[in-house]
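Undergrad: got a structure for you, letters missing:
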């Protein structure tokens, strides 16, 4: 039990020494790459907190980048044209008994599709995404090369 | 003869900066006609530019904010590039910074604003890139793409030229008035302030400036060699005081201050050097006069 406070103190000392922007250990300004001994003015070491921040930023960035580029998908609504067969109106008012006449008409429908983040980035860059009042995203026809 | 040391010993790296910027410009402008807008670039370059190779990170983030989506890939790209290079991207790769640097070649007297003015960049980032798109959508007049001077320069003006060429003046669809006004003000401001957009308003600069605090590639001050002469403070055209805070978020890593032997660039994992500059600090102190304030 008695060793816990010692470990805690050691840990807090470690954190204190490693913290970013430490003026206590540095002749340089907070965040500088190297610190110096105040007594000698000689260069000594890199704050481990700063090195850790750099590593976390880079690795975290790589993780976000990989996730966003390869795995992140969003469901968006697109308006799609669909061709359907409908029964044609009878010619001259006389229905055909042999084979019902049909017409092909085009209707528009809204469907949900999954889009990857790079695809959304490209469409957004061309001004082709809009947020619906319902909170869903609609992918529209790209009208221009500039969103503004 | 007092100025001879500075002319004789220019920083080798900063001398190459315009050429590096030009080389990066060739990448962002897509010399091979590549339009990879599904990949987020790490610089402030409008994706509506007819020659843009990559997507704009700020435009992408704002568009995703307007869609209430989190831009994983864009944020990841900025974290990786910012975590590695920090403000070096602004000084060496950003095409809009290069544009301002070229305009600043016209010799005029530049103002030095206090470093706290750089906090406006965070306001622009939070407001026009995140909050306004989220709450008011992309049709808001303060959406970042609607006011972006880089977009006006790289996309709106080429589009207007194309429309005028195709159908005369009447065919021009005039872009957002705020955007053109801001561009005009910015061009005017370039003659009184070095890189006014980058140091006052750029939201991407706010991100990379913050990353400069912990980026792998960084600036160092050798306190043993520093004589506190203040020469580096006077050399910096961006309002940074390298002697006091060499990794200030306003720093674009132009490396001018490395002309002093006490300041150098390196990685946080490298051994501190005695300075990459050519001139010893005392030489610069003699050249620059007494320390400022």
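TA: Thanks, I have it. What you see is a predicted model; the values in this text were computed from it and never measured.
Undergrad: average pLDDT for stretch B:47-62?
TA: The average of the pLDDT scores along stretch B:47-62 is 88.
Undergrad: gap between the two ends of it?
TA: Taking CA to CA, to the nearest Å, stretch B:47-62 runs 13 Å from one end to the other.
Undergrad: what do you get for stretch B:149-161?
TA: 17 Å.
Undergrad: that stretch near chain A anywhere?
TA: Yes. Using CB under 8 Å from any CB of the partner chain, stretch B:149-161 reaches chain A at B:151, B:155, B:156, B:159. Heads up, the C-betas are built off the backbone N, CA and C, glycines and all.
Undergrad: number of nearby residues for the second one?
TA: Just to be clear, that refers to residue B:155. Here the count is done by other CB atoms under 10 Å in any protein chain shown, and residue B:155 has 27 residues near it.
Undergrad: quick one: secondary structure of it?
TA: Look at residue B:155: counting by DSSP: H, G, I helix; E, B strand; the rest coil, its state is helix.
Undergrad: does residue A:65 count as helix, strand or coil?
TA: Assigned by three-state DSSP, the conformation of residue A:65 is helix.
Undergrad: related to what we said a few turns ago, among the residues of stretch B:149-161 next to chain A, who's most crowded?
TA: In these, the most neighbours by other CB under 10 Å go to residue B:151, 30 neighbours.
Undergrad: for that one, which non-adjacent residue is closest in space?
TA: In this structure, residue B:151 finds its nearest non-sequential neighbour in residue B:46, 4.1 Å apart by CB to CB, 6 or more residues apart in numbering or on different chains.
Undergrad: re earlier: and which of the residues of stretch B:149-161 next to chain A is nearest to residue B:254?
TA: residue B:151 (24.8 Å; CB to CB).
Undergrad: where in chain A is pLDDT low?
TA: A:1-4, A:7, A:10-11, A:14-46, A:90-100, A:142-148 (pLDDT under 70).
Undergrad: what's the mean pLDDT across the host helix or strand of residue B:204?
TA: Using DSSP states H and E, residue B:204 falls within helix B:203-211. The predicted model assigns helix B:203-211 a mean pLDDT of 94.
Undergrad: and it, how far out from the chain middle?
TA: 9 Å (CA atoms, centre = their mean, to the nearest Å).
Undergrad: and after it, which helix or strand comes next?
TA: By DSSP H and E, the next helix or strand past helix B:203-211 is strand B:217-221.
Undergrad: which strands and helices lie in contact with the following helix or strand past that next one?
TA: Sequence order places helix B:231-235 as the next helix or strand after strand B:217-221, per DSSP H and E. Packing contacts for helix B:231-235, counted by 3 or more CB pairs under 8 Å, 6 or more residues apart in numbering or on different chains; DSSP states H and E, involve helix B:281-288.
Undergrad: just to revisit the earlier point, by contact count, what packs against the helix holding residue B:204?
TA: helix B:57-66, helix B:72-85, helix B:88-92, helix B:120-124.
Undergrad: mind redoing it with 10 Å?
TA: On a contact count with 3 or more CB pairs under 10 Å, 6 or more residues apart in numbering or on different chains; DSSP states H and E, helix B:203-211 meets helix A:48-66, helix B:57-66, helix B:72-85, helix B:88-92, helix B:95-103, helix B:120-124.
Undergrad: so which of those helices comes closest to residue B:189?
TA: helix B:95-103 (9.2 Å).
Undergrad: what about that closest one, near chain A?
TA: No. Counting by CB under 10 Å from any CB of the partner chain, chain A is not contacted by helix B:95-103; separation bottoms out at 16.5 Å.
Undergrad: tell me which residues of that helix come out buried.
TA: B:95, B:96, B:97, B:98, B:99, B:100, B:101 (16 or more other CB atoms under 10 Å in any protein chain shown).
Undergrad: and the angle for that helix with helix B:203-211?
TA: Counting by axes from the mean of the first three to the mean of the last three CA atoms, to 10 degrees, helix B:95-103 lies at 100 degrees to helix B:203-211.
Undergrad: for helix B:95-103, name the packing helices and strands.
TA: helix B:17-28, helix B:88-92, helix B:149-151, helix B:177-190, helix B:203-211.
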